[in-house]
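Chemist: can you look at this prediction? I've put the sequence above it.
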Amino acid sequence: MPKRSKRYLQLKQMIDRNKFYSLDEAIELLKKLTTAKFDETVELAVKTNIDPRKSEEQIRGTVSLPHGTGKNVRVLVFAKGDKANEAKEAGADYVGAEDLIEKIQKEGFLDFDVAIATPDMMRLVGRLGKILGPRGLMPSPKSGTVTEDVSKAVKEFKAGRVEIRNDRTGNLHLPVGKASFEEEKLKENVREVVKQINAMRPQAVKGKFIEKMALSTTMSPGVKLDLSDLEVS
């Protein structure tokens, strides 16, 4: 276990570790726990009952947050010709084909948050699997990042569309806004995320799907959520 700072331990004392907070209570408490000099990200952590070793139990998709993430999302697009022009007009930060692939391979360029590709580019983009895959940046049809409609995808990710993807332990971690957001906006973002996760329940999962959930900010401990308050499955 890493050594925790004095500040972190002080914040931890403000949380009742035996209590499961309603969403209203949790966000109100997080606002009090936010003392950093920068605008901290609010993150939702979800423990699921999936077996991450089974392909039929993987969770992967996207959700559009009603009020965005509050973050400037850097979008890279692998495309050529008219599709490349569409991506640029939609506001993509980086657009290219072989040149971008080479830049990533040879220079280790990874200054982007989302990678989108047209289907015809995937034969070439596949070469980047070992680089982009472990970082969760590999374009995929399931996450809406392999598409002919690059303009729509760029605009949606810029506006606050985020990927939902389980990690190796079967858990999910998603940004749901910034600590500076109004409480009501954070609540609406969280509820939309939970609604989408519920809808993505793999058919192969038996029994309870979502086991635990917690909210935290970049620098704060987690606040456990009352699942009955969020209508989880």
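Modeler: Thanks, I have the structure now.
Chemist: please compute how far the longest helix along the chain lies from its chain's middle.
Modeler: Longest helix of the chain, by residue count under DSSP state H: helix 183-199. A distance of 13 Å separates the centroid of the chain from that of helix 183-199, by Cα atoms, centre = their mean, to the nearest Å.
Chemist: report the buried residues of that helix.
Modeler: 185-190, 192-194, 196-197 (16 or more other Cβ atoms under 10 Å). All C-beta atoms are positioned from the backbone trio N, CA, C, and that covers glycine.
Chemist: and what of stretch 134-151?
Modeler: Buried residues in stretch 134-151 (16+ other Cβ under 10 Å): 137-140, 143-147, 150-151.
Chemist: circling back to that earlier point, contacts for the longest helix of the chain, please.
Modeler: 23-24, 27-28, 31, 42, 44, 46, 59, 61, 63-67, 164, 172, 174, 176-177, 181, 209-210, 213, 215, 230-233 (Cβ atoms under 8 Å, 6 or more residues apart in numbering).
Chemist: what of stretch 88-102?
Modeler: Contacts of stretch 88-102 (Cβ under 8 Å, 6+ apart): 74-80, 84, 87, 103, 109, 112, 116, 121, 124-125, 127-128, 150-152, 154-155, 158.
Chemist: how does it look with 6 Å?
Modeler: 74-77, 80, 84, 87, 124, 151, 154-155, 158 (Cβ atoms under 6 Å, 6 or more residues apart in numbering).
Chemist: among the residues you listed, which ones are in helices?
Modeler: Those of the contacts of stretch 88-102 lying in helices (DSSP H): 84, 87, 124, 151, 154-155, 158.
Chemist: top of those residues by neighbour count?
Modeler: residue 154 (27 neighbours; other Cβ atoms under 10 Å).
Chemist: now that residue, nearest residue through space, not along the chain?
Modeler: Of all residues not flanking residue 154 in the chain, residue 90 sits nearest, at 3.9 Å (Cβ to Cβ, 6 or more residues apart in numbering).
Chemist: so what's the residue count around that neighbour?
Modeler: Residues near residue 90, counting by other Cβ under 10 Å: 21.
Chemist: can you check the one 5 residues further on too?
Modeler: If you count neighbours by other Cβ under 10 Å, residue 95 ends up with 24.
Chemist: thanks again, I'm all set now.
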